[in-house]
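> Sequence first, then the predicted structure, then my questions.
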Amino acid sequence: MSELLRLSVNGLDWAVAVEPEETLAELLRERLGLRGTRLGCEQGVCGACTVLLDGEPVRSCLVLALQAQGREVETVEGLADDPAGRRVIAEFVRHRAYQCGFCTAGFEMLGVWKARAEAELSEEQARALAASNLCRCTGYRPIVAALRAASREEAPAASSAEGPVAEGSSTGDPG
Ligand code: FES
Ligand code: FES
């Protein structure tokens, strides 16, 4: 039997009837039309479905929609309205940290989470962060570079004349 779910998504309040087994990812993509959140493995492994729930990253394929009752959800669609989100987008563009883009939203949500922490990521920390999600085509070096740069308070804007700073690898290994 469906239940009424009230939640905030990217600052907008919603009240929707959901089924108990409906996942947060399904709600966002199929009911609210926010398809920037990707579904890959649907088993909590790839991280493509990562969103922020009350500011913390979660695999939305593993979270029931009803677990978001009364809470705040942020998805990639809301990043352009957020200072840290804009910084992350700019650094992913500057470092060319995407290719097909399937994984990008998940990585960017991790980047926003860390960028808001106002502590610059070390190379090791950025690699550990990148290792929690899977990318199958860009390689991890540009993603690590973008995550690090976005975590710096004075990260340059996307219009910077500086080119990409790292080459990609296709090994699937952040190291
Ligand atoms: S789709 Fe959720 S972790 Fe892969
Ligand atoms: S950019 Fe294609 S999977 Fe990461």
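Cool, the structure landed. None of these values were measured; they are calculated from a predicted model. Residues are numbered from 1 along each chain as shown. Ligands and ions are numbered 1, 2, ... in the order given.
> show me where pLDDT drops low in this protein?
Counting by pLDDT under 70, the ranges of the chain that qualify are 154-175.
> tell me, what residue is most central in it?
Met109 (2.2 Å; CA atoms, centre = their mean).
> Touching, that one and Glu56? I think so.
No. If you go by CB atoms under 8 Å, Met109 and Glu56 don't touch, sitting 10.3 Å apart. In short, each C-beta sits where N, CA and C put it, glycine included.
> Next, the buried residues of stretch 86-104.
Buried residues in stretch 86-104, counted by 16 or more other CB atoms under 10 Å: 86-99, 102-104.
> Do a quick rundown of the strands in the chain.
3-9, 12-18, 50-53, 56-59, 72-74 (DSSP state E).
> and the buried residues of stretch 86-104 near ligand 2, which?
Filtering these for neighbours of ligand 2 using CB under 6 Å from any ligand atom leaves Tyr98, Gln99, Phe102, Cys103, Thr104.
> Sort out which of these are in helices and list them.
Per DSSP state H, helices hold the following members of these: Thr104.
> between the ones next to ligand 2 among the buried residues of stretch 86-104, which is closest to Glu74?
Among those, Thr104 lies closest to Glu74 (CB to CB), at 15.3 Å.
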